[in-house]
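Participant: when you get a sec, could you give me coordinates for this:
(chains A, B, C and D)
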Number of protein chains: 2
Amino acid sequence: MPYRPTERTEARRLAAREGIVGAALELVAGGGYASAGIQAVAARAGVAVGTVYRHFTSKGDLFAEVFRRASQRELDVVVEVSAADGRPAGERVAAAVEAFCRRALAGPTLAYALIAEPVDPAVESERLRFRIGYRDAFARVLEDGVRGGELRAHDSPTVAAALVGALAESLVGPLSTANGGSREALIATLVQFCQEALPSAHERVHA
Amino acid sequence: MPYRPTERTEARRLAAREGIVGAALELVAGGGYASAGIQAVAARAGVAVGTVYRHFTSKGDLFAEVFRRASQRELDVVVEVSAADGRPAGERVAAAVEAFCRRALAGPTLAYALIAEPVDPAVESERLRFRIGYRDAFARVLEDGVRGGELRAHDSPTVAAALVGALAESLVGPLSTANGGSREALIATLVQFCQEALPSAHERVHA
DNA sequence: CCAACAAGTGAACCGTGATTCACTACTTCC
DNA sequence: GGAAGTAGTGAATCACGGTTCACTTGTTGG
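Facilitator: Residues are numbered from 1 along each chain as shown, chains lettered A, B, ... in the order given. Next up, the predicted model:
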């Protein structure tokens, strides 16, 4: 057996792969998914088009990984911040919302790509996993709040989805350009909104 | 001048145009924008591909009209329902939300296409107009509420955008499949959510 | 009926961008 | 050095669906 990939070679291969993922991520962060063609990725990574296909079976495969990494970073922060057990649900939601907002506003193009921009089906399904992750993070907080008597019983998944949708729309959705004010004011408005939207136990139930 | 389009001919032309728009709308309502290619539209309308281009300069042009009509119907209902001046903002928001939900749930594929599905830029800009319409309808109610002392001062456009986003996400967004319960329960949850989310004057301001 | 023009037709065209593949260059081991 | 295999290359190919256009058909008024 005259040839067998060695450690050194394997590392080089991995580095090349990383270079491609990194180039793709830079393109997405800089100009959105629309600007991230295979040719552009290859050029930025300093490799040939064919090389990209040595490491990924398709464009969808590549960007599924790109989205997975970028989204995981974001989700981890929100999960971390909202995990603080014992504290009131309202505070935990506020912290999660603020973290979500700050990160989205810090890299709006990336946030748009991760949340709202049209993408390939393979990438879309990856995105869905993380959207569900956000929803579930909020839902956990809501359910803890119910258990602790702070919130009344409610359909947590739906309310959590509504919170995610509210943030997505106001931060990166088509209506997001509307907020004329400062970044801090926007965050304050959204934090406030999400906190009040919670089904507090002491709130009068309308209708 | 041996030929001049007459009334009868003009009517026939208009009918053909309507047939194309109708076919396109049926396709969108049945299978989303993705399933509505020019070939498919022409086939369903019973005309040749070229005929479509006698009536519309491009695919974007055709579907901009399709979306405009479909969206206008929906927006009119929400604007109508929420316009009732004099009544409390909470009630008006509840009525608007309920109308929005019922119509979206009655035709989920169409709702998805109108609100969330990826579309051509020309169509997207048409969609934006209507999303702004929804937001503004909510914003008007919010501002009336502030004037009437029912709500405290706040960033109405942003809060209105958040409401629209919350509804869009929970009804037709990627997370919408999650709501396991009944349609009525979902509507009740969202109506409740949106009402509580309003910045009521008597609500304690956190943080 | 015929001139003049519009409407209708649909196979062929075209732009875009992902994907392929025959080839070269490199790495390992004997 | 040479055999055996992998990584890299990038111009050519392919798939797709919107768009075109030379042609046929239909309509009007003289």
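
Participant: what about the helix ranked longest in chain A, near chain B?
Facilitator: If you go by DSSP state H, chain A has its longest helix at helix A:121-147. Yes - if you take C-beta under 8 Å from any C-beta of the partner chain as the test, helix A:121-147 does meet chain B, through A:124, A:127-128, A:131-132, A:135. Every C-beta, even on glycine, is put in place using the N, C-alpha and C of the backbone.

Participant: any idea how far that helix is from the middle of the chain?
Facilitator: Centroid separation for helix A:121-147 versus its chain: 10 Å, with C-alpha atoms, centre = their mean, to the nearest Å.

Participant: name the helices or strands packed onto that helix?
Facilitator: helix A:59-83, helix A:89-106, helix A:108-115, helix A:156-171 (3 or more C-beta pairs under 8 Å, 6 or more residues apart in numbering or on different chains; DSSP states H and E).

Participant: mind redoing it with 7 Å?
Facilitator: With contacts taken as 3 or more C-beta pairs under 7 Å, 6 or more residues apart in numbering or on different chains; DSSP states H and E, helix A:121-147 sits against helix A:59-83, helix A:89-106, helix A:156-171.

Participant: which non-adjacent residue is nearest residue A:143?
Facilitator: Nearest-residue entry for residue A:143: residue A:156, 5.3 Å, with adjacent residues in sequence omitted and distances by C-beta to C-beta, 6 or more residues apart in numbering or on different chains.

Participant: I'd say the one you found and residue A:141 touch.
Facilitator: No - using C-beta atoms under 7 Å, residue A:156 is not in contact with residue A:141; the gap is 8.9 Å.

Participant: quick one, which of these two is more surrounded?
Facilitator: Neighbours were tallied for residue A:156 and for residue A:141 using other C-beta atoms under 10 Å in any protein chain shown; the higher tally belongs to residue A:141 (28 against 22).

Participant: what's the closest non-adjacent residue to the residue nearest in space to the middle of chain A?
Facilitator: Nearest to the geometric centre of chain A sits residue A:71, at 4.1 Å (C-alpha atoms, centre = their mean). Take residue A:71 and drop its neighbours on the chain: the residue closest to it by C-beta to C-beta, 6+ apart is residue A:130, 4.0 Å away.

Participant: ditto for residue A:141
Facilitator: Nearest non-adjacent residue to residue A:141, counting by C-beta to C-beta, 6+ apart: residue A:92, 4.8 Å away.

Participant: quick one: pLDDT of the residue of chain A found nearest DNA strand D?
Facilitator: Taking C-beta to the nearest atom of the strand as the measure, the point where chain A comes nearest DNA strand D is residue A:50, at 1.8 Å. If you check residue A:50, the pLDDT there is 98.

Participant: residue A:6 too?
Facilitator: For residue A:6, pLDDT reads 86.

Participant: same check on residue A:198?
Facilitator: 97.

Participant: same question for residue A:202.
Facilitator: 78.

Participant: and if you look at the one 4 residues further on?
Facilitator: Per-residue pLDDT puts residue A:206 at 54.
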